[in-house]
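Enquirer: Take this sequence and fold it.
(chains A and B)
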Amino acid sequence: MVTMTATSAYPLASLLRQAYLRQSTAFCPGCGHGIFMNAFLRAAAVLPLDFDRTVFVSGIGCGAWVPSPHFLADTLHVTHGRAVAFAAGVQRARPDLNVIVISGDGDLATIGGNHLIHAARRQTSIKVFCLNNWLFGMTGGQVSATTPRHARTATTPAGNPDPPFDLVRLVLGAGAPFAARWPVSLPRQLARGIEHALREPGFAFVEVLSICPTHFGRINEALLPAGEASQSIPWRMLEWLRRQCIEREKAAALSPEERAGKILIGEWRGEEGWP
Amino acid sequence: MPKPHRVILDESLCKGQACALCAQTCPAGVFRPADRPTPQGIVPMQAAFPEQCIGCHQCDQLCPELAIDVVPAGALPTPPPPRAGPLPRPNPMGGWQESPALLPPGTYFMSGNEACAEGALAAGCRFYAGYPITPSSEIMVHMAQRLPELGGNFMQMEDELGSIAAVIGAAWGGLKAMTATSGPGISLMLENIGYAIMTETPCVIVDVQRAGPSTGQASRPAQGDIMQARWGTHGGVDLIALAPWSVQEMYELTIRAFNLAERFRVPVFLLADEIVGHLYETVTIPPAVRTFERLRWPQDMPFDTPEPDGVPPMPAFGEGAYLLVTGSTHDGRGYRRTTDAAVQDRLMRRLSAKIRRHQDEIDDWEEHFLEDAERVLVACGSAARSALWAVQQARRQGRTVGLLRLKSLWPFPDEVVASRCGGRREIIVPEMNLGQLAGEVRRAAGVPVTSLIQVAGEPMDPRRILAYLLEGNW
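Expert: Model (predicted):
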């Protein structure tokens, strides 16, 4: 049975602006940021996160579009790279509100890295969700500080010569009390991880391993698992993520050879030291 | 035997086969592409075989468009999570108000930078974010001491980009907020100053000007940032700048800067310089201070007005306005309209007109011996103090000279300058830069202007101005 009434298809309608109950997002088909948005809203509904006492801050890039304009809450869509600094000001001025940053790897970790590490050091009471799609999506797929080594982008046509940031290590090294990494290929774990981060009392950072089918997927198709003809690039990217990611607890039992090339996912506490 | 489920897929939200994550994740073969494309040319997915659904919820959790809901057969669609509703709204009276000054009234001896900080506090500033830089740092140090005493917030940020960012964030939190810096810091802040213009965020930016481009001479005075303040951020839309010449004015014009910022929802520059910043003088603190408090209601149109030159009310975060604050071109409610020519045109014109068409509320100047003056000096800031001394000395020697001192620089007081400079024998502009003010005076007055330039990183030499007035030597 298929119904087409827009409001009924949005189980999370009360968290979204009216305009977006009748039109789809600005994201490309199969965008990982949409999967994150889905997981975030589910986590917000479970907690529940009070959207009437929450300010979402985002910078420039595709990831910044998750809260602004979709979420029915106060949103501050700012200049490129400065979301965390704006959020720090909002948080200090209004400690009675939840302040949540949702933005991309280019925004938070490439142009805006300085604000990120200082917020981690100060343990500013904000939650930061970094949607890592491995490159600059909105501007056409240029290399970012998180692009994997050897991956092709519009500005590294022969492969990225530089190693990427490990964002979890970066913020833990800077003093963050809580950091996590979850992929959009595991939406249940992702939603639970978001919930955990939102429950943290102070600074919390979540690196969300997202996918950019349009810019990363197409140009790096050779890296993806060979799919059947019927499989879409977003699906093959999710498959690739699923194979790459391994929970940190399980990784501990593996040999170095088995762990090579894997991405650790899970949660880390600052007092544990570096992963 | 799995319980039967109902799969609700909103095809109008579906991005179709290029995504098709639902079909690929479904272990039961519920989904397939529709028979025909939508008017937008997308072939949406359909829950074609819902009777096969096993209720695993892989699809609804993976759908990037939130277009799928899976519920037990016979059940209603998942109800949306309840909302607590907005907080009770504070309803402060906005507009002009008079309140007692913070400092006991009387005469004080303090530096210009301290007077600036005290003026800000008297105006109601309760948030400061900054980064140390000579010759402005005393403002920050004073605020670090005083703001906590008053229940305010002080932040030393990691750089100037973050400082102005935090200031704008705090302003949307409902506070009057400021930062202070010098030229190099302004250079870093300019992008976010444009953001403040675009989002109509009131804030005060103090620029204690120092000599030279780049690092230049950190502890030496200059007036080299006049054009930077006006034109530094891209896009070229108006803001307001004031120029104090004394410690007393560091107090008074800082209060005025906050009032204009709140009145017009715009960043306001206080263009001080190293001399007025570091100078110690007596300051008279009056018993009361007149302030403009932010207008916060109604909330429905925070980014446009029916008039083409209006200032919309500005709700704060947490008041149920569900603000969409963005530096992208936006309509009156804040929705991005980044390809709409009419919205862009209207916004640009209103951002400018709300300042320009209310210039009578902004223009500020002082006249000395202008009535019979054949030759008129036009100056601002500490250079005007040197100019006034020279004018007074020249008058004693029978020269009919006068001084027009500009206290507001942006929007440039064109009519004031034109009406005071027309029909004179000579217009003379002494300044501590390569002729920035002279160019504006020439443009506004439409007459030739003698530009007296001094860029040695030293106070404008009053004896040299006098020598020019008496002997024509520069």
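Enquirer: For the rest of this, base every contact and every neighbour count on C-alpha atoms.
Expert: Fine.
Enquirer: just checking, what packs against the longest helix along chain A?
Expert: Identified as the longest helix of chain A according to DSSP state H is helix A:32-46. Secondary-structure packing of helix A:32-46 (3 or more Cα pairs under 8 Å, 6 or more residues apart in numbering or on different chains; DSSP states H and E): helix A:187-199, helix B:58-62.
Enquirer: what's the most buried one of these?
Expert: helix B:58-62 (a mean of 24; mean count of other Cα atoms under 10 Å in any protein chain shown).
Enquirer: So which bits of whichever strand or helix holds residue B:441 are buried?
Expert: Applying DSSP states H and E as the criterion places residue B:441 in helix B:436-445. Buried residues in helix B:436-445, counted by 16 or more other Cα atoms under 10 Å in any protein chain shown: B:436, B:437, B:438, B:440, B:441, B:442, B:444, B:445.
Enquirer: Without its sequence neighbours, what residue ends up closest to the fourth one?
Expert: The reference is to residue B:440. Leaving aside its sequence neighbours, residue B:440 sits nearest to residue B:412 (Cα to Cα, 6 or more residues apart in numbering or on different chains; 7.7 Å).
Enquirer: Chain A versus the one you found, what's the distance?
Expert: Here the criterion is Cα to the nearest Cα, to the nearest Å. By it, residue B:412 lies 28 Å from chain A.
Enquirer: got TSV for the buried residues of helix B:436-445, with distance to residue A:231 and pLDDT too?
Expert: Formatted as TSV, the buried residues of helix B:436-445 follow (distance: Cα to Cα, whole Å; pLDDT from 0 to 100):
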residue	distance to residue A:231	pLDDT
B:436	64	98
B:437	66	98
B:438	68	98
B:440	65	98
B:441	69	98
B:442	69	98
B:444	67	98
B:445	71	97
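Enquirer: ok, of those, which one's closest to chain A?
Expert: For those, the minimum distance to chain A (Cα to the nearest Cα) is 29.5 Å, reached by residue B:436.
Enquirer: correct me, but the closest one touches residue B:229?
Expert: No: under the criterion of Cα atoms under 8 Å, residue B:436 is not in contact with residue B:229, lying 11.5 Å apart.
Enquirer: picking up where we left off before, list the helices and strands the following helix or strand past the helix holding residue B:441 packs on?
Expert: The C-terminal neighbour of helix B:436-445 among helices and strands, as given by DSSP H and E, is strand B:450-453. Counting contacts by 3+ Cα pairs under 8 Å, 6+ apart, strand B:450-453 is packed against strand B:426-431.
Enquirer: Direction included, what does the strand it packs on pair against?
Expert: strand B:375-379 (parallel), strand B:450-453 (parallel) (DSSP bridges).
Enquirer: Neighbours of residue B:105, how many?
Expert: Residues within reach of residue B:105, counting by other Cα atoms under 10 Å in any protein chain shown, total 13.
Enquirer: my guess is it meets residue B:286, correct?
Expert: Yes: applying Cα under 8 Å, one finds residue B:105 in contact with residue B:286, separated by 5.2 Å.
Enquirer: wait, what's in contact with the residue nearest in space to the middle of chain A?
Expert: By Cα atoms, centre = their mean, the mean C-alpha position of chain A lies nearest to residue A:131, the distance being 2.2 Å. Residue A:131 is in contact with A:33, A:63, A:102, A:103, A:104, A:105, A:207, A:208, A:209, A:210, counting by Cα atoms under 8 Å, 6 or more residues apart in numbering or on different chains.
Enquirer: 7 Å - rerun?
Expert: Applying Cα atoms under 7 Å, 6 or more residues apart in numbering or on different chains, we find residue A:131 in contact with A:33, A:63, A:103, A:104, A:105, A:207, A:208, A:209, A:210.
Enquirer: Then residue B:355?
Expert: B:238, B:264.
Enquirer: so where does it fall, helix or strand?
Expert: Assessed by DSSP H and E, residue B:355 sits inside helix B:341-356.
Enquirer: in that helix, what's buried?
Expert: Taking 16+ other Cα under 10 Å as the neighbour-count basis, helix B:341-356 is seen to contain the buried residues B:343, B:344, B:347, B:348, B:350, B:351, B:352, B:353, B:354, B:355, B:356.
Enquirer: Parallel or antiparallel, which strands does the helix or strand just after that helix pair with?
Expert: Remark: after helix B:341-356, the chain's next helix or strand is strand B:365-368, criterion DSSP H and E. According to DSSP bridges, strand B:365-368 forms sheet pairs with strand B:401-406 (antiparallel).
Enquirer: where does the partner strand sit relative to the chain's centre, distance-wise?
Expert: Taking Cα atoms, centre = their mean, to the nearest Å, one finds the center of strand B:401-406 at 29 Å from the center of the full chain.
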